[in-house]
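Student: how does the following fold in three dimensions:
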Amino acid sequence: MISGIVTTLLLLLFVGLWVWAWQPRLRSGFEATARLAVDDDVPAGEAIADNNVRTNA
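Tutor: Down below sits the predicted model:
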């Protein structure tokens with residue numbers, strides 16, 4: 001009984017995180033983060049700051 005409840009809760013958590021990650025409004029931030037490893041021209045903090053993401057600077 002308990003294992004079924006835990007499994008259901010974990011499945012709902014997974015689906016919720018999956019839906020959140022695929023929101024269109026988050027796409028530009030994810031793309032900028034993905035480019036950080038290959039963009040040598042732009043400092044890492046500057047690229048993230050351009051997308052209104054908090055930095056620890």
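Student: just name the shakiest helix or strand of the chain by mean pLDDT.
Tutor: The weakest-scoring helix or strand in the chain, judged by mean pLDDT, DSSP states H and E, is helix 44-49 (a mean of 59).
Student: please, which helix or strand holds residue 12?
Tutor: helix 2-21 (DSSP states H and E).
Student: and that helix, which residues are buried?
Tutor: By neighbour count with 16 or more other CB atoms under 10 Å, helix 2-21 contains no buried residues. No exception for glycine: its C-beta is placed from N, CA and C like everyone else's.
Student: quick check: mean pLDDT of it?
Tutor: Summarised as a single mean, pLDDT over helix 2-21 is 96.
Student: using PDB, write down the CA coordinates of it.
Tutor: Extracted in PDB, the C-alpha atoms of helix 2-21 (Å, rounded to 0.1, in the frame of the first residue of the first chain):
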ATOM      1  CA  ILE A   2       2.700   2.500   1.000                       C
ATOM      2  CA  SER A   3       4.900   1.600  -1.900                       C
ATOM      3  CA  GLY A   4       2.100   2.300  -4.300                       C
ATOM      4  CA  ILE A   5       1.500   5.700  -2.800                       C
ATOM      5  CA  VAL A   6       5.200   6.500  -3.000                       C
ATOM      6  CA  THR A   7       5.400   5.300  -6.600                       C
ATOM      7  CA  THR A   8       2.400   7.400  -7.500                       C
ATOM      8  CA  LEU A   9       3.900  10.500  -5.800                       C
ATOM      9  CA  LEU A  10       7.300  10.000  -7.500                       C
ATOM     10  CA  LEU A  11       5.600   9.600 -10.900                       C
ATOM     11  CA  LEU A  12       3.600  12.800 -10.400                       C
ATOM     12  CA  LEU A  13       6.800  14.600  -9.400                       C
ATOM     13  CA  PHE A  14       8.600  13.400 -12.500                       C
ATOM     14  CA  VAL A  15       5.800  14.400 -14.800                       C
ATOM     15  CA  GLY A  16       5.500  17.800 -13.100                       C
ATOM     16  CA  LEU A  17       9.200  18.500 -13.500                       C
ATOM     17  CA  TRP A  18       9.100  17.300 -17.100                       C
ATOM     18  CA  VAL A  19       6.200  19.700 -17.900                       C
ATOM     19  CA  TRP A  20       8.100  22.600 -16.100                       C
ATOM     20  CA  ALA A  21      11.300  22.000 -18.000                       C
END
